[in-house]
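# need a structure here:
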Amino acid sequence: MFSAVPTSRQQLSSRGAAVQVNAKAGSVEYKDLMAIAEEACRRGEQVIREAADKPREITHKGAADLVTDTDQKSEKVVLGFVQEKFPDHGVLGEEGGIMGNAGSDYLWICDPIDGTTNFTHSYPPFAVSVGVLENGTPVAGAVVEFAGSQGNWHTRMYTAYKGGGCFLDGRKVSVSSEDSVQQSLLITGFDQVEHGEPWAKNMDLFKHFTDKSRGVRRSGAAAVDMAHVACGIADAYWEMRIKAWDVAAGTLLVTEAGGTITAMDGSEHSVFSRSHLASNGKLHKSMQPIMQEAIKELVDNGNDFGPWFIPDGLPFKVPGQK
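Sure, this is the predicted structure:
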């Protein structure tokens, strides 16, 4: 069930313990960053809940790339709260870009509505996602997933912090133990805007793994997809050409739940990677070579699979960045 947004200056962690945040850079524990990420998601959740059954004001960033007034309001509330707590940190929003101190060791990354197309049609899932990087490494994050339907929305909160585990509504969770692709449920996603060669190649991968597994799903919300791998209800997820705000929180959920994440070609992963393969770890060995072959063919044909959408001024180097 929906829980009300706390009003105290103390924040509640997913374990239920109260934490007092010291906003001085370099002095914040990861579990406290997680508590702030969770509270930020709750505030975005409230914005979405108030708008969920009302008419949408929809604009287009591209032919099929939608943005609503609720995306913008959610991001303003989420990142405004983060900046209030940590005025010396950097923040990156899907709608507003880089703000604050880009040179900080800490970068907060927000997707105010992950799955905007789903939201505009009142079709679950959609989510608010907030991830925190320390020198480029995910160290805390939260994803609040909307499920249900018009007039009956409910949410699930996924949280994680580095070294502390992954939680679903405060209960520690872990990835599945499935080691056979044939017995697995997989998830992927497709670029809504550009239907070029990478999109077509992922269709080939979709066909391949649909034939080899119990099924491949496409939810339309990457943060939720990664959360589902983290809590073990799906076994692996892959996608090309999604952005840091789609995966900043989900990456940590997967790894803290015991899973593995790489770029699809097997190279070192970052939230700025242009491809992502997240699994329970046991499936990586059998899935990754097929992904690697697909990415190699795309690169050989002139498609760029280096990191992308990296804000200027960051104090760290992204794997693969030239």
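# direction included, what does the lengthiest strand in the chain pair against?
In the chain, assigned by DSSP state E, the strand with the most residues is strand 137-149. Applying DSSP bridges to the sheet, strand 137-149 is found paired with strand 126-134 (antiparallel), strand 152-161 (antiparallel).
# what's the offset of that strand from the middle of its chain?
Relative to its parent chain, strand 137-149 has a centroid offset of 7 Å by C-alpha atoms, centre = their mean, to the nearest Å.
# that one: which residues count as buried?
By 16 or more other C-beta atoms under 10 Å, the buried positions in strand 137-149 come out as Pro138, Val139, Ala140, Gly141, Ala142, Val143, Val144, Glu145, Phe146. Where you see a C-beta, it was placed from the backbone N, CA and C, and this is true even at glycine.
# among the strands paired with strand 137-149, which is nearest Asn202?
Of all the strands paired with strand 137-149, the one in closest proximity to Asn202, counting by C-beta to C-beta, is strand 126-134 (21.4 Å).
# just the C-alpha atoms of the closest one, please, in CSV.
Taking C-alpha atoms only, strand 126-134 is exported to CSV below (Å, rounded to 0.1, in the frame of the first residue of the first chain):
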residue,chain,number,x,y,z
PHE,A,126,6.2,3.1,-14.6
ALA,A,127,8.5,4.4,-11.9
VAL,A,128,10.5,7.2,-10.2
SER,A,129,14.2,6.3,-10.2
VAL,A,130,17.0,8.1,-8.2
GLY,A,131,20.6,6.8,-8.2
VAL,A,132,23.7,8.3,-6.5
LEU,A,133,27.2,7.9,-7.9
GLU,A,134,30.4,8.5,-5.9
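# off-centre distance for it?
6 Å.
# what about it, average pLDDT?
The average pLDDT for strand 126-134 rounds to 98.
# about what we covered before: closest to Gln183 among the buried residues of strand 137-149?
Glu145 (24.9 Å).
# just checking, the closest one touches Pro125?
Yes - contact criterion C-beta atoms under 8 Å: Glu145 and Pro125 qualify, at 5.3 Å.
# find residues that contact each of the two.
Common neighbours of Glu145 and Pro125 (criterion: C-beta atoms under 8 Å, 6 or more residues apart in numbering): Ala221, Val224.
# quick revisit: which pair in the buried residues of strand 137-149 spans the largest distance?
Maximum pairwise distance in the buried residues of strand 137-149, criterion C-beta to C-beta, is 25.4 Å, between Val139 and Phe146.
# okay if I get the buried residues of strand 137-149 as TSV plus distance to Asp88?
Output for these, formatted as TSV (distance: C-beta to C-beta, whole Å):
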residue	distance to Asp88
Pro138	20
Val139	16
Ala140	17
Gly141	20
Ala142	21
Val143	25
Val144	26
Glu145	31
Phe146	32
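# how distant is stretch 76-91 from the center of its chain?
18 Å.
# so for that stretch, what's the average pLDDT?
Rounded mean pLDDT across stretch 76-91 is 96.
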